[in-house]
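>>> Next comes the sequence, and after it the predicted model I'd like to discuss.
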Amino acid sequence: MKLNARLQTAQQSHNYSPVVLIHGLFGSLDNLGILARDLGKDRTLLQIDLRNHGLSPRSDEMSYTAMAGDVLDTLDDYGIEKATFIGHSMGGKVAMALTAIAAERIDKLVIIDIAPVNYRIRRHDEIFAAIRAVTEAGATTRQQATQIMREHVKEEGVIQFLLKSFADGEWKFNVPVLWEQYDSIVGWQPVPAWPHPALFIRGGNSPYVDESHREALLSQFPQARAHVIAGAGHWVHAEKPDAVLRAIHRFIDAESKN
């Protein structure tokens, strides 16, 4: 499945591999824009809407194998043979799933605040309730939606993030399928060990990656490097963008020339 995407050519001429940015649940290709503005200065950049998000096609399936296949179809459409993949949360799992089906297409792998595990926990039920409440109320403006969502979600930053995908009274993600496929989204099928360096960035205050995930992570990514951003939560790239970008550049700059 070809995904909706935005291709940006490098502002400066360098022999770096292209970078593919992959957003998380309820997101869109604009979500990692703060990283894109920096990385796009000297790299070709591809931002994508995953299936059932943004302007990409809809599907009843949300397996990571299928989503990784979509990314490959999109790379083929743009003529990109090999790339550095940077994924946040669900997008990080999509990037990790690529190692099992197309390892030769990966130059570098940067995973932001997610581990290759089945979380077996529902963290988004309040968000789903807020989204449904907006729809049921027939809200058509972001101001109306904001007031409704505050009854369900306390974090103002989460509300504003979600509202980026709300326009003209419609959500730009497929709410019924995301609800029905939630177990697949939080789940995970372990991938074969990928014997290449991968950078795992996590927020120091985030519950998504901790010591209990260490064994599973290293069994699948034995050369993983960890970088913890103190004072940040799950949205570490939005909360501490400079620190995240420094970590990414240290990892990909020196060795990403082909």
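Noted; the coordinates are in hand. Numbering: from 1, shown residues only.

>>> Look at the nearest residue to Met62 once chain neighbours are set aside and say how many residues are nearby.
Distance criterion CB to CB, 6 or more residues apart in numbering; nearest residue to Met62, sequence neighbours excluded, is Gln181 at 3.7 Å. Bear in mind the C-beta positions are built from the backbone N, C-alpha and C, glycine included. By other CB atoms under 10 Å, the residues close to Gln181 number 18.

>>> do the same with His88
Count around His88 with other CB under 10 Å applied: 29.

>>> follow-up on the earlier one: what's near enough to touch the residue nearest to Met62?
By CB atoms under 8 Å, 6 or more residues apart in numbering, Gln181 lies in contact with 60-62.

>>> can you pull the buried residues of the helix ranked longest in the chain?
Taking DSSP state H as the criterion, the chain has its longest helix at helix 64-78. Buried residues in helix 64-78, defined by neighbour count with 16 or more other CB atoms under 10 Å: 64, 67-71, 74-75.

>>> Wait, Arg120 touches Val186, no?
Yes - the pair Arg120 / Val186 is scored as a contact, 7.1 Å apart, by CB atoms under 8 Å.

>>> Which one's more surrounded, the two?
Val186 (18 against 9).

>>> Now do the SS call for the residue nearest to the more buried one when sequence neighbours are not counted.
Nearest residue to Val186, sequence neighbours excluded (CB to CB, 6+ apart): Tyr119, at 4.5 Å. Following DSSP: H, G, I helix; E, B strand; the rest coil, we place Tyr119 in the coil state.

>>> Same question for Ala243.
Under three-state DSSP, Ala243 comes out as helix.

>>> Count the neighbours of it for me.
19.

>>> Next: Pro190.
13.

>>> so what's it scoring on pLDDT?
Pro190 carries a pLDDT value of 97.

>>> Can you tell me the closest non-neighbouring residue to it?
Closest to Pro190 by CB to CB, 6+ apart is Gln220, at 5.8 Å.

>>> and Met1, how many neighbours does it have?
There are 16 residues near Met1, going by other CB under 10 Å.

>>> That one against Asp49, yeah?
No - using CB under 8 Å, Met1 makes no contact with Asp49, being 11.2 Å away.

>>> Name the residues contacting each of these two.
Looking at what touches both Met1 and Asp49 (by CB under 8 Å, 6+ apart), the common residues are Ser56.

>>> Mind giving me the PyMOL command for buried ones among the contacts of Gln181?
Applying 16+ other CB under 10 Å to the contacts of Gln181 leaves a buried subset, and the PyMOL line that selects it is:
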select buried, resi 62
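
>>> Would you mind listing the outside residues contacting stretch 27-34?
Contacts of stretch 27-34 (CB under 8 Å, 6+ apart): 4-6, 21-24, 47-50, 53-54, 86, 88, 90-91, 161, 164-165, 172-173, 237-238, 241.

>>> go on, stretch 163-171?
26-28, 30-31, 53-54, 131, 134-135, 138-140, 142, 145-146, 149, 172-173.

>>> For Phe85, list each beta-bridge partner.
Phe85 has these beta-bridge partners by DSSP bridges: Val20, Leu109.

>>> Which strand or helix spans the nearest residue to Ala247 once chain neighbours are set aside?
With CB to CB, 6+ apart as the criterion, Ala247 has its nearest non-adjacent residue at 4.5 Å, and that residue is His227. Using DSSP states H and E, His227 sits in strand 224-229.

>>> domain assignment for the chain?
For the chain, the TED database gives the domain ranges 5-119+187-253, 124-171.

>>> got JSON lines for those, with distance to Val177 too?
Shown next, in JSON lines, are the domains of the chain (distance: least, CB to CB, whole Å):
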{"stretch": "domain 5-119+187-253", "distance to Val177": "5"}
{"stretch": "domain 124-171", "distance to Val177": "12"}
